[in-house]
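Trainee: Based on what follows, work out the 3D shape:
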Amino acid sequence: GATATAVAVPLQVEQEHENQPVQANVRLIGWDVPEVVSASDNKLRVIAAVEATAEIATSLVSLVVRDEGPNGTRVCSVRKYLPSDGTGVAVGLEVDFCDAGEHQLHVMVCAVGESGGLASVLFETTRVCRKEEARGPLPRLQHSAEDSIVLCGVDVPEAIEAGKIRVMVALKRTWHDAPTFLALIVRDRLPDGSQRAAVVRKIFGEDADTIGLEVPMGEAGTHTLTLQVAKVVDGEYVEVFCIGERQVHVTNPLPRVLDENEGLQLVGIDTPGHVEGCMRVIVAVQRMHEQAPRSLCLIARNVLPSGERRAAVVHKVLEGTEAQTIGIEVPMGEAGDHWVEFSIAECTDEGNVEILFIPARPIHVTNPSAPRIQQNDAVVLCGVDICGARWPDLLAAPVTSGSGRVIVAIARTWNDAPTEFIMTVLDVNNCRSATVRKCVTSCEAETIGLNVPMTSAGNLVLLVRVWAQYADGSKHMLFEVPAVDVEVRAFVSPPSTVLAENE
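Mentor: Just a heads-up that it's a prediction; the model follows:
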């Protein structure tokens, strides 16, 4: 039924019916009490659905809401007649609801006595409803009427320590056809007068949103930043807002000393926790005085998952007494957990003399999945190297050594895949070929290689094929690599070395 008009009446209960039990011939179907009322909606709507299960003495009921809110307590109610045919009816109440905060609502369905007062409480419930606080209007620092975009805020810190600065602006599109693809451009004029710039792009929706950019700032002094908001049109930046110059003061904090020995300080180390195929490590050291060692080396010692050990070293000569870095790149092809320790040593005529030691650190290594150039019969062609020609360009390097190296990488993807493989290299122009066989039983990627004699100058066209051979002796071609042009340059044998001579 339609919602009745809300009328505020005092909560009165007839004394002669105060202890009367709930009438069994009125059934509650359900409540509808909101948990949250938005800031834009200033009305509270409460509904109770009830029905008469039998003929009742009075068909008039009242929905009463006691609101205990932040600014006090108020009571509102509405009355409605129940249909005599037992049809369910909704008793609804709508009142002003403007006080932001948490409200405790005590909702009751009461029978109305013959005198018009509330006779008894049939059903009741207590719910908590929160009225959201209205937000103020967004600030308008700048407004582009042409593009229907408002600049709502700018965040540029005035001072930072050397490292990175985070710059942010807040934007709001005010019309449906306003640009959605926007960019923030930050230009930095360094203390020495040089300039650099960085840009970030973002797609905006209907709501106000931010766009931010991290700008490196390692140079101490006063930097001057200029910000520009632009729309992206056909790949070009078209200015929407230009934000005036902002001064940022950058200070260089004293480096934190991790270790110290022989006038040399370890002030930083950067080691990754996870790598794929290669590890890059950087350490920062500082000479405390001019007599401190300056010819240094960084040594990395790696304990592989198998227990095998290996080491790598890089040398560097330090100038001055400022903090400087030494970096090393170490191949790591074995998947698993590696333990790597580092040493910084002085390079002397007698060898490397250790000065600083960095204990072993765990580094987890994963190998990226092998590429899939082609796949056939549960076998994958992962890589090709034909005299330097690799997938997908297949551009070979000239052969000058008298022989060319052909390698293919394959991987079995299932246990029932073939295990016997044949690689053939066909010289199309000269109608000759070479063949190599290999047995592969694992499901790891493995290579098949062949050295092909190439002594005569000219251009060769090489066609590489990979076959599978089965137990019954039959063969099936799995892969054929597109023909590769190889330039062969004349091979000149080096002169013989004279080991001894007499008479």
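Trainee: wait, isn't residue 318 in contact with residue 287?
Mentor: Yes - between residue 318 and residue 287 there is a contact under CB atoms under 8 Å: 5.9 Å. For glycine as for every other residue, the C-beta is placed from the backbone atoms N, C-alpha and C.
Trainee: Quick check: neighbours shared by these two?
Mentor: Common neighbours of residue 318 and residue 287, using CB atoms under 8 Å, 6 or more residues apart in numbering, are residue 294.
Trainee: Does residue 266 lie in a helix or a strand, and which?
Mentor: For residue 266, the host element (DSSP states H and E) is strand 264-270.
Trainee: Now do that strand: distance to the chain's middle.
Mentor: Centroid separation between strand 264-270 and its chain, computed with CA atoms, centre = their mean, to the nearest Å, is 30 Å.
Trainee: Could I get the average pLDDT for it?
Mentor: For strand 264-270, the per-residue pLDDT values average out at 90.
Trainee: Endpoints of stretch 456-475, how far apart?
Mentor: 32 Å (CA to CA, to the nearest Å).
Trainee: And stretch 258-269, by the same measure?
Mentor: Across stretch 258-269, the terminal residues are separated by 9 Å (CA to CA).
Trainee: Now that stretch: buried residues?
Mentor: By neighbour count, with 16 or more other CB atoms under 10 Å as the criterion, the buried positions of stretch 258-269 are 264, 265, 266, 267, 268, 269.
Trainee: Over to stretch 284-300?
Mentor: Judged by neighbour count using 16+ other CB under 10 Å, the buried positions of stretch 284-300 are 284, 285, 286, 287, 292, 293, 294, 296, 297, 298, 299, 300.
Trainee: Check stretch 337-354 too.
Mentor: In stretch 337-354, the ones that count as buried by 16+ other CB under 10 Å are 338, 340, 342, 343, 344, 345, 346, 347, 352.
Trainee: From those, which land in strands?
Mentor: Assigned to strands by DSSP state E, the following of the buried residues of stretch 337-354 qualify: 338, 340, 342, 343, 344, 345, 346, 347, 352.
Trainee: List the residues that contact the first one.
Mentor: So the one you mean is residue 338. By CB under 8 Å, 6+ apart, residue 338 lies in contact with 279, 302, 303, 304, 305, 332, 362, 363, 364, 365.
Trainee: Where does pLDDT dip in the stretch 101-250 of the chain?
Mentor: When residues are selected by pLDDT under 70, those of the stretch 101-250 of the chain lie in 136, 162.
Trainee: how about the strands in it?
Mentor: Chain-ordered strands for the stretch 101-250 of the chain, with DSSP state E, counting those that start in this stretch as the definition, fall at 101-112, 118-131, 142-144, 149-155, 159-161, 163-173, 181-189, 195-203, 209-217, 221-233, 236-251.
Trainee: just to revisit the earlier point, could you list the paired strands of the strand holding residue 266 along with their orientation?
Mentor: The pairing partners recorded for strand 264-270 under DSSP bridges are strand 259-261 (antiparallel), strand 277-287 (antiparallel).
Trainee: Identify whichever of those strands lies nearest to residue 235.
Mentor: The closest of the strands paired with strand 264-270 to residue 235 is strand 277-287. By CB to CB, the value is 33.4 Å.
Trainee: tell me what the helix or strand that that closest one is followed by is packed against?
Mentor: Secondary structure here is assigned by DSSP H and E; on that basis, the next helix or strand after strand 277-287 toward the C-terminus is strand 295-303. Here strand 295-303 touches strand 277-287, strand 309-317, strand 324-332, strand 336-348, strand 351-365, going by 3 or more CB pairs under 8 Å, 6 or more residues apart in numbering; DSSP states H and E.
Trainee: Distance to residue 433 and mean pLDDT added to those strands, as a markdown table?
Mentor: Output for the helices and strands packed on strand 295-303, formatted as a markdown table (distance: least, CB to CB, whole Å; pLDDT from 0 to 100):
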| stretch | distance to residue 433 | mean pLDDT |
| --- | --- | --- |
| strand 277-287 | 35 | 89 |
| strand 309-317 | 40 | 91 |
| strand 324-332 | 35 | 88 |
| strand 336-348 | 41 | 92 |
| strand 351-365 | 40 | 91 |
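Trainee: Please identify which of those is closest to residue 189.
Mentor: Checking those against residue 189 by CB to CB gives strand 324-332 as the closest, at 26.0 Å.
Trainee: what about dumping the CA coordinates of the closest one to CSV?
Mentor: Extracted in CSV, the C-alpha atoms of strand 324-332 (Å, rounded to 0.1, in the frame of the first residue of the first chain):
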residue,chain,number,x,y,z
GLN,A,324,80.8,6.3,-4.4
THR,A,325,79.3,3.1,-5.6
ILE,A,326,80.7,-0.2,-7.0
GLY,A,327,78.4,-2.5,-8.9
ILE,A,328,78.6,-6.1,-10.1
GLU,A,329,76.5,-8.2,-12.3
VAL,A,330,76.5,-12.0,-11.8
PRO,A,331,74.8,-14.6,-14.0
MET,A,332,72.4,-16.8,-12.1
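Trainee: for it, packing partners?
Mentor: Using 3+ CB pairs under 8 Å, 6+ apart as the contact test, the elements touching strand 324-332 are strand 277-287, strand 295-303, strand 309-317, strand 336-348.
Trainee: Buried residues in that strand, which are they?
Mentor: Of all the residues in strand 324-332, those buried under the rule 16+ other CB under 10 Å are 324, 326, 328, 330, 332.
Trainee: State the distance from the first one to residue 384.
Mentor: Look at residue 324 and residue 384: by CB to CB, to the nearest Å, they are 43 Å apart.
Trainee: List the contacts of residue 149.
Mentor: Remark: with contacts taken as CB under 8 Å, 6+ apart, residue 149 is in contact with 143, 171, 172, 173, 174, 178, 179, 182, 229, 240, 241.
Trainee: Confirm for me that residue 250 is in contact with residue 217.
Mentor: Yes - counting by CB under 8 Å, residue 250 touches residue 217, with 5.0 Å between them.
Trainee: Quick one: end-to-end length of stretch 177-186, please.
Mentor: This stretch, stretch 177-186, spans 26 Å end to end (CA to CA).
Trainee: how far is that stretch from where the chain is centred?
Mentor: Offset of stretch 177-186 from its chain centre (CA atoms, centre = their mean): 22 Å.
Trainee: For it, buried residues please.
Mentor: Of all the residues in stretch 177-186, those buried under the rule 16+ other CB under 10 Å are 178, 179, 182, 183, 184, 185, 186.
Trainee: Restrict the contacts of residue 149 to the buried ones and give me that as a PyMOL selection.
Mentor: Those of these that meet the burial criterion (16+ other CB under 10 Å) are gathered into one PyMOL selection, given here:
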select buried, resi 171+172+173+174+178+179+182+229+240+241
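Trainee: Output the contacts of residue 149 as CSV; include the columns distance to residue 25.
Mentor: As requested, the contacts of residue 149 are arranged in CSV below (distance: CB to CB, whole Å):
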residue, distance to residue 25
143, 65
171, 62
172, 58
173, 58
174, 58
178, 61
179, 65
182, 65
229, 69
240, 69
241, 70
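Trainee: that older thread, turn the buried residues of stretch 177-186 into CSV, including distance to residue 449.
Mentor: Supplementary listing: the buried residues of stretch 177-186 in CSV, determined by distance: CB to CB, whole Å:
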residue, distance to residue 449
178, 61
179, 56
182, 53
183, 50
184, 52
185, 52
186, 52
